[in-house]
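Asks: what follows is a protein structure lacking sequence information:
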């Protein structure tokens, strides 16, 4: 079986890269074992133009966001499922200091076009918000629709092997790769947290794994299209049902949900909500992140038939479309990658 590219993994990175390569006319085979608690499948898919307690503009947002909207709209048309939804982020300000910081940061500069004051009275019966609230123009990528729909699309085109790639069975040469009868000019690893065990990239790239836990809750009568954010974030999933997250832990014994983090998330809920709720589910997943919070992408300098596309982090849904396109242009036409994302920054150091 002859392909142009093999892709290991079908999270948000593998999904967008396989889409970009197929759009460019390439023959693609995605090798992925479905894992319900992979980071992409646990994530809420939030796109937020501002970051952190200082409300700084997200890196390259003015370029990333329009490209993401266009790409996700194309995927909606192709797959016939809802994939992308613009939403306001209803940001509950936790203190007078934070309210002043938000007003100072968003009254001028790039963040101004994405933010505005909010009328806290609209949700006064539902939310504790003594210091008021603000609106941020955001969005969500409906990963619960996109990932399975793209997987089914790949299956329909015979572009999917539903298994985990075994590195020991991979044959690598100057002319390409071969894996269990499939040959291609290159293999791109989009394997999320598994990258730390990758014999070609794991020893060189400074990935740091962290564990996140989330809840799925039912809030009777509370039906908002907004993302609600304070110490925790509520993201609408369906009528009166919300994703609640997330936690962040560097040291952990396993991938299982914990009672301690459920208590932490519920404490955040109780600080935010004035009304009762019911916990429907708890999920946990392992996320790869880089030290500099930038994607890691490119071809291995010693094994140019092997590449990586990983480390998209919490901004993955805004980063993935643009970066997948950039990597496609690099693979097919040799166009240089952004220095901040190119893995050469680690191999040449």
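Replies: Yep, it's here. Please read these numbers as outputs of a predicted model, since none were measured by experiment.
Asks: now do residue 102 against residue 93, distance only.
Replies: In this structure, residue 102 lies at 6 Å from residue 93, with CB to CB, to the nearest Å as the measure. To be clear about C-beta, it is placed using only N, CA and C from the backbone, and glycine gets the same treatment.
Asks: name the residues contacting each of those two.
Replies: When contacts are counted by CB atoms under 8 Å, 6 or more residues apart in numbering, residue 102 and residue 93 have residue 134 as shared neighbours.
Asks: show me the helices in the stretch 151-300 of the chain, by range?
Replies: For the stretch 151-300 of the chain, the helices defined by DSSP state H, counting those that start in this stretch cover 259-272.
Asks: show me the shaky parts of it.
Replies: For the stretch 151-300 of the chain, applying pLDDT under 70 flags no range at all.
Asks: ok, residue 181 - contacts?
Replies: residue 1.
Asks: what does residue 153 give?
Replies: Contacts for residue 153 were tallied using CB under 8 Å, 6+ apart; they are 78-79.
Asks: could you redo the last one with a cut-off of 7 Å?
Replies: Contacts for residue 153 were tallied using CB atoms under 7 Å, 6 or more residues apart in numbering; they are residue 79.
Asks: can you tell me how far it is from residue 270?
Replies: For residue 153, the distance to residue 270 equals 42 Å [CB to CB].
Asks: likewise for residue 223?
Replies: As it turns out, when the distance is counted by CB to CB, residue 223 lies 20 Å from residue 270.
Asks: before we move on, what about residue 328?
Replies: 46 Å.
Asks: could you do residue 207 as well?
Replies: 35 Å.
Asks: surely residue 191 and residue 9 touch.
Replies: Yes: taking contact to mean CB atoms under 7 Å, the distance of 4.1 Å between residue 191 and residue 9 places them in contact.
Asks: what's the pLDDT at residue 108?
Replies: At residue 108, the predicted lDDT confidence score is 66.
Asks: same deal with residue 113?
Replies: Residue 113 is assigned a predicted lDDT (pLDDT) of 79.
Asks: hang on, it in a helix?
Replies: Yes: assessed by DSSP: H, G, I helix; E, B strand; the rest coil, residue 113 belongs to a helix.
Asks: care to break the chain down by domain?
Replies: Domains of the chain are assigned by automatic domain parsing as 5-42+145-206+291-347, 86-139+208-288.
Asks: could you tell me the end-to-end distance of the first one?
Replies: Put plainly, it is domain 5-42+145-206+291-347. Criterion CA to CA, to the nearest Å; first-to-last residue distance in domain 5-42+145-206+291-347 is 23 Å.
Asks: do the same with stretch 290-306
Replies: End-to-end distance for stretch 290-306, by CA to CA: 20 Å.
Asks: against residue 23, how distant is residue 29?
Replies: Separation of residue 29 from residue 23 (CB to CB): 16 Å.
Asks: neighbour count: those two, which is higher?
Replies: More neighbours sit around residue 29 than around the other of residue 29 and residue 23, counting by other CB atoms under 10 Å; the figures are 24 against 14.
Asks: how about the contacts made by residue 272?
Replies: Residues touching residue 272, when contacts are defined by CB under 7 Å, 6+ apart, comprise 92, 127-128, 230, 232.
Asks: next up, the contacts around the closest residue to residue 154 other than its chain neighbours.
Replies: Of all residues not flanking residue 154 in the chain, residue 160 sits nearest, at 3.9 Å (CB to CB, 6 or more residues apart in numbering). With contact taken as CB under 7 Å, 6+ apart, residue 160 is in contact with 30, 32, 151, 154.
Asks: tell me what residue 160 is bridged to.
Replies: Listed beta-bridge partners, residue 160: residue 30 (assigned using DSSP bridges).
Asks: equivalent analysis for the one 10 residues further on, please.
Replies: On the basis of DSSP bridges, residue 170 takes part in beta bridges with residue 179.
Asks: that one contacts residue 176, correct?
Replies: No: the pair residue 170 and residue 176 fails to qualify as a contact (CB under 7 Å) at a distance of 11.1 Å.
Asks: now residue 19: phi and psi?
Replies: Geometry field for residue 19 lists phi and psi as phi -60, psi -50, criterion degrees, to the nearest 10.
Asks: which ones are touching the residue nearest the centre of the chain?
Replies: The C-alpha lying nearest the average C-alpha coordinate of the chain belongs to residue 316 (CA atoms, centre = their mean; 3.2 Å). If a contact means CB under 7 Å, 6+ apart, then residue 316 has residue 12 as its contacts.
Asks: could you redo the last one with a cut-off of 10 Å?
Replies: By CB atoms under 10 Å, 6 or more residues apart in numbering, residue 316 lies in contact with 11-13, 16, 39-40, 43, 45-47, 141, 143, 287, 295, 310, 323.
Asks: what do you get for residue 7?
Replies: In this structure, residue 7 makes contact with 13-15, 17-18, 21, 28-32, 154, 159-160, 165, 184, 186-191, 307, 309, judged by CB under 10 Å, 6+ apart.
Asks: same deal with residue 2?
Replies: Taking CB under 10 Å, 6+ apart, one finds 27, 29, 176, 182-185 in contact with residue 2.
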